[in-house]
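Visitor: how would this look folded up:
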Amino acid sequence: MDPAELPPDALLALLDAGALRLRYQPIVRLADRAVVGFEALARLEHPTRGTLPPRDFVPQLESHGHGWALFTHVLTAALTEWTAVFQPGDNLTLSLNAPLDVLRDPLLPDLLRSGCQSIAVPPSRLVLELTETQAVPDAELLRRPLTLLRRLGVALAVDDILPVTREPGGLLGLPFSTLKLDKRVVREAADSASARAFITSSLNIGHAVGMQVVAEGVEDAAILDRMAALMCDQAQGFHIARPLPAAAIGQWREAWLAG
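Guide: Below is the predicted model of the structure:
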């Protein structure tokens, strides 16, 4: 059986059995290389197939109505590992992926509030990233739930911006604070004038309304320099660090700051 065909109920059972593992990918500011946050990325340990990447379980769970269950498991695990990811005095952010259904759930603000209170962390340290797994048929449907999240202090990002998937303009009237450029358009910028034009357009649109723009998929120094030259604000990708277990973050930060 292809991993994409794993039954959603079996995947949900793995979640409930404690098979979720998180990895954290650093996000750095391009102007000075400072670490500004981490994105939590889910993995699932399967008893016979080993570690499943997100593409092998996230779409199946979300398309079968289990997006809320997945998100709550990820949030709980991330908050549990908080002190291993962040040092005392840090003012870094932790980004979590959230599909449309989760962002619109009326229970979400209370879930985030209580979770942050349980570890004495302000909700302003959290960033929720709207993922591409579900289309946004009407941006206005998001206004009220996103406004409630912003009042709580949670920051909001639009993930995986690509020319062929979604122009950012339709969402800019909503209280998002960050645009994240998909790794494909970031990689193509070296050889594609249209990719560079799209990045420049996204930067102009985002910066005009005070948004940060993050380049994903920064896999080498040339891409890092190119994104800095195009005036992207932040970056993440394998050149900076592969997704790390919580226990490895301290050593990575020491090496990054020393470099």
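Visitor: contacting residues around the closest residue to Ala246 other than its chain neighbours?
Guide: Counting by CB to CB, 6 or more residues apart in numbering, the nearest residue to Ala246 once its immediate chain neighbours are dropped is Ala84, at 3.9 Å. No exception for glycine: its C-beta is placed from N, CA and C like everyone else's. Taking CB atoms under 8 Å, 6 or more residues apart in numbering, we find Ala84 in contact with 246-247, 249.
Visitor: out of these, list just those in helices.
Guide: Counting by DSSP state H, these place Ile249 in helices.
Visitor: of the contacts of Ala84, buried ones?
Guide: Buried by 16 or more other CB atoms under 10 Å: 246, 249, out of the contacts of Ala84.
Visitor: including pLDDT and distance to Ala193, could the contacts of Ala84 go into a markdown table?
Guide: Listed next are the contacts of Ala84 as a markdown table, based on pLDDT from 0 to 100; distance: CB to CB, whole Å:
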| residue | pLDDT | distance to Ala193 |
| --- | --- | --- |
| Ala246 | 96 | 41 |
| Ala247 | 95 | 43 |
| Ile249 | 95 | 38 |
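Visitor: which SSE is the residue nearest to Ala246 in?
Guide: Following DSSP states H and E, the helix or strand that holds Ala84 is helix 82-85.
Visitor: can you name the residues that contact Ala247?
Guide: Going by CB under 8 Å, 6+ apart, the list of residues near Ala247 reads Ala84.
Visitor: next one: the one 10 residues further on
Guide: Going by CB under 8 Å, 6+ apart, Leu257 touches Val35.
Visitor: am I right that it falls within a strand?
Guide: No. Under DSSP: H, G, I helix; E, B strand; the rest coil, Leu257 falls outside any strand and is assigned helix.
Visitor: next one: it from Leu12, what distance?
Guide: 40 Å (CB to CB, to the nearest Å).
Visitor: with Trp252 instead?
Guide: 32 Å.
Visitor: mind jotting down where the strands sit in the chain?
Guide: Shown for the chain, the strands assigned by DSSP state E span residues 20-29, 35-46, 50-52, 93-98, 126-130, 155-161, 178-181, 212-215, 234-235.
Visitor: tabulate those (TSV), appending distance to Leu146, mean pLDDT and mean neighbour count.
Guide: Listed next are the strands of the chain as TSV, based on distance: least, CB to CB, whole Å; pLDDT from 0 to 100; neighbours: other CB atoms under 10 Å:
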stretch	distance to Leu146	mean pLDDT	mean neighbour count
strand 20-29	21	98	20
strand 35-46	19	96	21
strand 50-52	30	94	14
strand 93-98	11	96	23
strand 126-130	9	95	23
strand 155-161	6	87	22
strand 178-181	13	93	25
strand 212-215	16	96	26
strand 234-235	21	98	24
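Visitor: for His73, which of these is the nearest?
Guide: strand 20-29 (5.2 Å; CB to CB).
Visitor: quick one, the closest one and strand 126-130 angle?
Guide: 100 degrees (axes from the mean of the first three to the mean of the last three CA atoms, to 10 degrees).
Visitor: going forward, count from 35.
Guide: From this message on, residue numbering opens at 35, which makes the last subject strand 54-63.
Visitor: with only the CA atoms kept, save strand 54-63 in CSV.
Guide: Provided in CSV are the C-alpha atoms of strand 54-63 (Å, rounded to 0.1, in the frame of the first residue of the first chain):
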residue,chain,number,x,y,z
LEU,A,54,3.7,12.2,16.7
ARG,A,55,7.2,13.7,16.6
LEU,A,56,8.0,17.4,16.0
ARG,A,57,11.0,18.8,14.2
TYR,A,58,11.8,22.5,14.3
GLN,A,59,13.1,24.6,11.4
PRO,A,60,14.8,27.9,12.3
ILE,A,61,13.7,31.2,10.7
VAL,A,62,16.3,33.9,10.5
ARG,A,63,16.3,37.6,9.7
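Visitor: what's it packed up against?
Guide: The helices and strands touching strand 54-63, judged by 3 or more CB pairs under 8 Å, 6 or more residues apart in numbering; DSSP states H and E, are strand 69-80, helix 101-114, strand 268-269, helix 283-292.
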